[in-house]
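Peer 1: predicted model and sequence below, questions to follow.
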Amino acid sequence: MGLSAKILFGISLLLGSSLWAVGFSSGNQFQSMAIVGPLTVRCIVNGNPHIATFNCRGEVLEPTNYDFFMGPQGVDADQIQLMAKHEDGSTRNKTIKYDSQKGQSTEAFNLWVYSLLQRPLLADGKNAIHYQLTKKGQLVTEGDVTVNVKRVPQATCPHGSYDSVLPQDCDNEFTNCQRYFRDYNYCH
């Protein structure tokens, strides 16, 4: 192999190894943003027109609310646990199955969505993430990454309106606001 071929081979090895980074597939730098906007829903209730108005409020994480975690290259594991320590000292743990062939979690982790049944992994500011990869319950490898979430100014969506023949639509703020934000591209 000539000198130029050896140099190109060495550069490709360096580039290839630097592309495989432990952390979330979207990277480890995120932005959080509050979103707001007015919504009017017109419904028919008992044969009569009814108008409901909502002041929708939400939170988004950019580039994504859910993401896959990429583990170290070449690790044979079947489960990954992430333990996040937030700047305020609070913690959150999440465990998901791990695909060794792909080198990532089998599902995306909930990074930012609050609901009745789930809490997000991340919080605003610095998130110290300790990861553990296991195979059949035995620790295979572990490590640490830092994920930063920067708070950016609130965004406001334009006024939205929907018509519905379903009376319950005038009572369902949560579903209407989710649709509204989705339809208005989360105020972008």
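Peer 2: Perfect, I can see it now.

Peer 1: run a quick neighbour tally on His50.
Peer 2: The number of residues packed near His50 is 15, by other CB atoms under 10 Å. Quick note: C-beta positions are derived from backbone N, CA and C, even for glycine.

Peer 1: oh sorry, the question was meant for Gly74
Peer 2: Using other CB under 10 Å, Gly74 has 9 other residues around it.

Peer 1: over to it: give its phi and psi.
Peer 2: Geometry field for Gly74 lists phi and psi as phi 80, psi 20, criterion degrees, to the nearest 10.

Peer 1: that one: what's it in contact with?
Peer 2: Remark: with contacts taken as CB atoms under 8 Å, 6 or more residues apart in numbering, Gly74 is in contact with Gly103.

Peer 1: Gly37 too?
Peer 2: Per CB under 8 Å, 6+ apart, neighbours of Gly37: 55-56, 156-160, 180-181, 184, 187.

Peer 1: SS state for it?
Peer 2: strand (DSSP: H, G, I helix; E, B strand; the rest coil).

Peer 1: can you check Gln178 too?
Peer 2: Bear in mind the rule, three-state DSSP; under it Gln178 is helix.

Peer 1: neighbours of the nearest residue to His86 once chain neighbours are set aside, just the number please.
Peer 2: Once its chain neighbours are removed from consideration, His86 has its nearest residue in Ala123; the separation is 4.0 Å (CB to CB, 6 or more residues apart in numbering). Taking other CB under 10 Å as the criterion, the count of residues near Ala123 is 20.

Peer 1: offset the numbering so it begins at 138, please.
Peer 2: Okay, residue one is now 138; in that scheme the one you just asked about reads as Ala260.
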